[in-house]
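Novice: Provided below are the primary sequence and the corresponding predicted coordinates.
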Amino acid sequence: MNNDIKARQVAEKLLKNDPFSLWLGITILDVKEGYCKLQMTLRPEMMNGFGITHGGVAFSFADSALAFSCNNRNNLSVAQDNSINFLKSSKAGDVLIAESKEVHNGKSTGLYLITIHNQNGDQIALFKGTCFRTGKPLFEDI
């Protein structure tokens, strides 16, 4: 099986089994081995007391992008160290796109950079995620 086809199957199955990512309204735009591009639309209940997107929502969106990119080889991987820089605010109705690119694919760790942009192409946040690879399959049937 082609590695990118396998990556898409893993990501789609992971999303189907991820209630929080589904609650966020995440859709998968593109998946390749070690890469993914996701989209979501911000809703009013995702705003903080200042009327802008709660930082936890943006962090969670990027964390989901990390999960879909670092697990898509079907090697169960979990977040080990993550950080985010918020660059510009966003608001309800904005459409965000998270793009996760693999920087390092090691036997026991992986490093990913995730950028979040809005529908106008403005960069909203930059997220760096390190994952730990367990060496176990995420899904036995893939």
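Specialist: Structure received. Here the structure is a predicted model, which is why all the values come from computation and not from measurement.
Novice: And the strands in this structure?
Specialist: 27-32, 35-41, 75-86, 95-105, 109-117, 123-137 (DSSP state E).
Novice: Select, out of those strands, the one closest to residue 48.
Specialist: When the strands of the chain are compared by CB to CB, strand 75-86 sits nearest residue 48, at 11.6 Å. C-betas here are computed from N, CA, C, even on glycine.
Novice: got the contact list for the helix or strand of the chain with the lowest mean pLDDT?
Specialist: When each helix and strand of the chain is scored by mean pLDDT, DSSP states H and E, helix 3-16 comes last, with a mean of 95. Helix 3-16 is touched from outside by 21-22, 26, 28, 31-36, 67-68, 71-74, 138-139, 142, with contacts defined as CB atoms under 8 Å, 6 or more residues apart in numbering.
Novice: As CSV, the strands of the chain with mean pLDDT and distance to residue 13 would be great.
Specialist: Shown next, in CSV, are the strands of the chain (pLDDT from 0 to 100; distance: least, CB to CB, whole Å):
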stretch, mean pLDDT, distance to residue 13
strand 27-32, 98, 11
strand 35-41, 98, 13
strand 75-86, 97, 13
strand 95-105, 98, 17
strand 109-117, 98, 19
strand 123-137, 97, 12
